[in-house]
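Trainee: Here is the input, now give the coordinates:
(chains A, B and C, ligands or ions: 2)
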Amino acid sequence: MTQFERKHPGLNLGSHHGAAHDQAEALVFGFWVFLMSDLIIFGLMFATYITMQGPMAEAGGPGPAQLYDLRSAWIQTLLLLTSSLTFGLASLAMRHKHGVAPVVVPLVVTLGLGLTFLGFELHDFQGMLAQGAGPGRSGFLSAFFGLVPLHGLHVTAGCIWLMVMLAQIAVFGLSDMVKLRLLRLGLFWHFLDIIWIGIFSIVYLAGLTG
Amino acid sequence: MKDEPNYRQELRSYLIGFVLALVLTAVPFGLVATGALAPLQTLGVITVFALIQVVVHFRFFLHIDLSQQKREDLHLILFTVLLLLIMCTGMIWIMASLSERMH
Amino acid sequence: MTPDTILPMIFGRIGLDSLPFVPAILNPSTSEFIAAGAAGVVFLGAFIVLGVVTWFGWWGPLWRDWLTSTDHKRIGIMYIVLALVMMARGVIEGALMRVQQGVGLDGGFLSDGHFSELFSTHGTIMIFFVAMPFISGVINYVMPLQIGARDVSFPVLNQISLALTAVGAALIMISLILGKFSTGGWPAYPPYTGLAFNPGPGPDYWIWSVGIAGLGSTLSGINFAVTIYKERAPGMTLFRMPLFTWTVLCTAIIMVFAMPPLTVATATLALDRYLDFHFYTNDLGGNMMNYVNLFWLFGHPEVYLLILPAYGIFSEVIATYSGKRLYGYMSLVVATMSISVLSFTVWLHHFFTMGQSANVNIAFGIASMFIAVPTGVKVYDWMATMYRGRIRFSVPMVYATGFLMLFVIGGLTGVMLANPTISFQVHNTLFLVAHFHNVIIPGVLFGLLAGYHYWFPKAFGFRLNTRWGYITAVLWIVGFCVTFFPLYVLGLMGMPRRSVSFTDPSFEPLTLIAMGGAMLVLMALSSLMIQLWISVRDRATAQVPLGDPWNGRTLEWSIPSPPPEYNFAVIPQVWSRDAFAADKEAGIAYQEPETYDAIAVPSNTSIGMVVCIGGVLLGLGMVWYMWWLAAVSFLGIVGAFIVRSFQTDTHRIIPAAQVARDHRVWLAQIAASPEVTRAQECSPANRGRAMNERPEPSL
Ligand code: HEM
Ligand SMILES: [Cu+2]
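Mentor: Numbering: from 1, shown residues only, chains lettered A, B, ... in the order given. Ligands and ions are numbered 1, 2, ... in the order given. Presented below is the predicted three-dimensional model:
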């Protein structure tokens, strides 16, 4: 079993399935390729955001300094980062511990953190919309609302996926199939955290500098 | 079996990653909140810390390292980064040139 | 509530005047009659297909064997059928435009709006619904066989990719019946596709059909790349892969990384149109130049995505019919890889005139010229492969020679266009139209047609008619030359692209010649269909069940035609390049293995059809503002995926005994059949066991 396990920590398929391991290899590698394709989408939205800065793109509307809330961004960052850790704990438990509970508990915490993150984000957006600073106001705001909610939508999808997985654990227990899916969900979740580094650095921190 | 990392070691690795990420986040947030450095320097710190943090996440949360078995994933990521660099720098260069010549 | 409020809630913005017949009655003109006629043809075609399927009671087999199949071979065939149907429409539209411009001195018979719709649908269809599905189809069919695999890595995902492509094609066909298509050309530039200029459904049709199909291509790319990485037969190292598979790998990588810019471009355009965003509007800080930039960030890699598999096909065809090993394998591989990376560095040559500084232009101009180098290397490799080969001038070789000569001309005009100063003179003229058709038709299309002729016997167990094959190929080559060479001259004379009519009488002789050429192309298309018809009719005399009619070199020829659903009774062991040729050389082909194993194949699933029907409804709902429909179909698709994820039994086992029985029957047939010589290749004597030419000529 060692080969495969060393390659993908977080998975423990047992030693007997040669074919299942090959299949798992392809699934995980394929998911990586998908993530990289998604990364290009985010990269281009970041680049678009960067090119849509300044007075011309703001079109007389509010700019970053008037709109962004550093405290909220900080809280959201902590929520996501912690959720990455709790997901990691779930992956570890899946690999090393017996029973379902050590996996499910951190997953539920992760879900809670993800949903709280979404709550904070939506609250921020609502505040901006209330000020009349929606995407219809300017090119700059369009770029903002094209980028940050895109990440939010991904987190939403991740949360739905997580709920489905909790249901699958209830139905199937920690079967090979379920483990493989959790493994990919984990990759997705950590990947979104990496995108968030870009968002808090390029959007919030750079926007509020100076 | 014997070089199999055990639960405690792996847990430690996650925790190290978490703490590093925390520090790498807190410093730039602190700088922006306090305005301790000049804007240009702050931007520099934000950039460098963000890049380091990306590496930290890949290393400690996504388990990408230089070991032989994970070369395939690493190559894929590096190739993606290359294309991303081409696309994004090209795009920013083009759009900057255009907007410069607009007024 | 009155009908005035309820109807829009149900039907969105569909009105009576969205139907093509109504404007034709209210406002009779040639243009409207043609539009109504086209809609009639779509209706009629749909009815005939439904009628025939019902009459012969084919619904059951259609559903079981095709629509719900996850077999890569069947999916590949369905892709190609889709491409051929769409090609008929695309070519007819092209010919219609050529006729309009032929008689377009001070007028013509088409309205300007209709002409704009024509070049927009023609371009969109040809790129996204002819070239792309044709390529995906050939890749799907051939690549897993070439690497000795039982299927692609993700068969169900493969089915979903096909479904998404079909959704896009269906939407664009529906736009003939319901409403009008975009007038913004195939790249759909704002402001022509912005809400302010065109509030109608046209640009929305473009957005959803291209956006959804693009998603399908991304997923195909992932699937192909992982398949090549993970499913190769033992012993097939990367540098033992057939060249076609190499080009597929590079194409797949381009799909994975070049489709996202298209997704971003279409999605942001949609946000502008639906949710009042200002990415590309003229006011409030929008910047439509960024759309152009994003689109070509996809668009240029796209053209290499199209041409690379064609290069791969020509490599296989030329090697096989020259009876020789491919010359310069390594240089071809390296050239393919460098093209795929370089293709990401040149996108700006599509908008040299947009206004960026000369420094930017020249950087991208130089990069563009570099990309000609690897292609030049390839052309020499192909010629060197033929040199001193024992060439059989078969139908695919006719395409290959046409390709070699014409493609070089197209490539050279490309190098001219890579020079910003020249581009400033001829961009947006017919010179450009001539250039890109010159690379796309002799390159991509001839490649695909050569591949179609070459692999058809593998897929269906009988050869295509040779006589009509030659006629078709010659018509395509001559038709292409007569249609498009005059356009180079017209472009240099200053005739703009995308113009419905012209006022300079000196253009007329050449536009008339081009019109004549378009008639030849139409004949080529018809003759392609006649060939298919005659081949099916006479198939009894062209059977090749033994599987190797052309003395093939790669693994796909080492199995029966058509192959069993699991492809290989036992996974082959590969020792060298050109694995099958090497086995034949060593006399170890067609051996019975010691044991047979049971084989698991993915069972049928209807998830693809759910995506297909749900996707069409989703697209229609979005295009026509029927929000309830869009929401219901979206939730339906998501729900179907969630339900499916609870299904555990996704495979079917084929027992070892059955595999062994079928394989032994085939081996017995092989043993009983004489080898046929190259002279008999096109005669009924060729049952698929070609004689191996020995000794191999060397170079
Ligand atoms: C086979 C015969 C074909 C004919 C007669 C034909 C004819 C034409 C004509 C008349 C135009 C419009 C030029 C203008 O606007 O002035 C055009 C545009 C175009 N064609 Fe074709 N074409 C053919 C095949 C193809 C193929 C095989 C492809 C690609 C696979 C293709 C791709 C395009 C594209 C992308 C455009 C540009 C559309 C736009 O302006 O947005 N064509 N073609
Ligand atoms: Cu290009």
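Trainee: C-alpha from now on. contacts and neighbour counts both.
Mentor: Fine.
Trainee: Could you give the number of residues near the residue of chain B found nearest chain A?
Mentor: Chain A sits closest to B:Pro39 of chain B, with a gap of 4.9 Å, by C-alpha to the nearest C-alpha. Residues lying near B:Pro39 (other C-alpha atoms under 10 Å in any protein chain shown) number 16.
Trainee: domain ranges for chain B?
Mentor: Segmentation of chain B into domains, based on automatic domain parsing, reads B:1-63, B:68-103.
Trainee: can you list those in CSV and add mean pLDDT and distance to A:Phe188?
Mentor: Output for the domains of chain B, formatted as CSV (pLDDT from 0 to 100; distance: least, C-alpha to C-alpha, whole Å):
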stretch, mean pLDDT, distance to A:Phe188
domain B:1-63, 90, 10
domain B:68-103, 89, 14
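Trainee: Chain B contacts on chain A?
Mentor: A:2, A:6-9, A:29, A:32-33, A:36, A:40, A:43-44, A:47, A:50-51, A:70, A:74, A:78, A:81-82, A:84-85, A:88-89, A:92, A:96, A:187, A:190, A:194, A:197-198, A:201, A:205-206, A:208-210 (C-alpha under 8 Å from any C-alpha of the partner chain).
Trainee: Could you list the low-confidence segments of chain C?
Mentor: Within chain C, the segments meeting pLDDT under 70 span C:1, C:694-699.
Trainee: residue contacts, the residue nearest to the spatial centre of chain C?
Mentor: Nearest residue to the geometric centre of chain C (C-alpha atoms, centre = their mean): C:Ala131, 2.4 Å. Under the criterion of C-alpha atoms under 8 Å, 6 or more residues apart in numbering or on different chains, the contact list for C:Ala131 reads C:Ala83, C:Leu306, C:Val444, C:Leu445.
Trainee: Filter these down to the buried ones.
Mentor: C:Ala83, C:Leu306, C:Val444, C:Leu445 (16 or more other C-alpha atoms under 10 Å in any protein chain shown).
Trainee: From the contact counts, what lies against the helix or strand hosting A:Thr77?
Mentor: Assessed by DSSP states H and E, A:Thr77 sits inside helix A:70-96. Helices and strands touching helix A:70-96, by 3 or more C-alpha pairs under 8 Å, 6 or more residues apart in numbering or on different chains; DSSP states H and E, are helix A:101-130, helix A:176-198, helix B:7-34.
Trainee: quick check: angle from the helix or strand following the last one to helix A:176-198?
Mentor: Spelled out, that is helix B:7-34. Under the assignment DSSP H and E, the closest C-terminal helix or strand after helix B:7-34 is helix B:39-56. Relative orientation of helix B:39-56 with respect to helix A:176-198: 170 degrees, computed using axes from the mean of the first three to the mean of the last three C-alpha atoms, to 10 degrees.
Trainee: If you count contacts, what does helix B:39-56 end up packed against?
Mentor: Using 3+ C-alpha pairs under 8 Å, 6+ apart as the test, helix B:39-56 ends up in contact with helix A:176-198, helix B:7-34.
Trainee: Can you say which of the ones you listed is nearest to ligand 1?
Mentor: Counting by C-alpha to the nearest ligand atom, ligand 1 lies closest to helix A:176-198 out of these; the figure is 35.1 Å.
Trainee: now that closest one, how far from the centre of its chain.
Mentor: The offset between the C-alpha centroid of helix A:176-198 and the centroid of the whole chain comes to 8 Å, using C-alpha atoms, centre = their mean, to the nearest Å.
Trainee: Please apply the same query to stretch A:128-148.
Mentor: Here stretch A:128-148 is found 22 Å from its chain centre; the criterion is C-alpha atoms, centre = their mean.
Trainee: Also stretch C:420-432?
Mentor: When C-alpha coordinates are averaged (C-alpha atoms, centre = their mean), stretch C:420-432 and its chain have centres 27 Å apart.
Trainee: and what of stretch C:633-649?
Mentor: 29 Å.
Trainee: Helices of the stretch 501-650 of chain C, residue ranges please.
Mentor: Taking DSSP state H, counting those that start in this stretch as the criterion, the stretch 501-650 of chain C carries its helices at C:508-537, C:579-586, C:607-623, C:627-645.
Trainee: C:Ala170 contacts C:Val616, doesn't it?
Mentor: Yes. Shown here, C:Ala170 and C:Val616 form a contact pair, counting by C-alpha atoms under 8 Å, at 7.0 Å.
Trainee: and the helices and strands packed on helix A:70-96 as JSON lines, adding mean neighbour count and distance to C:Thr413?
Mentor: Output for the helices and strands packed on helix A:70-96, formatted as JSON lines (neighbours: other C-alpha atoms under 10 Å in any protein chain shown; distance: least, C-alpha to C-alpha, whole Å):
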{"stretch": "helix A:101-130", "mean neighbour count": "18", "distance to C:Thr413": "51"}
{"stretch": "helix A:176-198", "mean neighbour count": "21", "distance to C:Thr413": "42"}
{"stretch": "helix B:7-34", "mean neighbour count": "17", "distance to C:Thr413": "52"}
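Trainee: Select, out of the ones you listed, the one closest to chain C.
Mentor: In this view, the helices and strands packed on helix A:70-96 are compared for proximity to chain C by C-alpha to the nearest C-alpha, and helix A:176-198 is the closest at 8.4 Å.
Trainee: which secondary structure elements does the closest one contact?
Mentor: Applying 3+ C-alpha pairs under 8 Å, 6+ apart, one finds that helix A:176-198 makes contact with helix A:18-51, helix A:70-96, helix A:139-172, helix B:39-56.
Trainee: Pick out the residue in the stretch 151-300 of chain C sitting closest to chain A.
Mentor: C:Gly285 (4.0 Å).
Trainee: Tell me the secondary structure of that residue, please.
Mentor: In the three-state summary, C:Gly285 is assigned as coil, counting by DSSP: H, G, I helix; E, B strand; the rest coil.
Trainee: which residues are contacting stretch A:155-173?
Mentor: By C-alpha under 8 Å, 6+ apart, the residues outside stretch A:155-173 that reach it are A:100, A:104, A:107, A:111, A:114-115, A:118, A:178, A:181-182, A:185, A:188-189, A:192, C:642, C:646.
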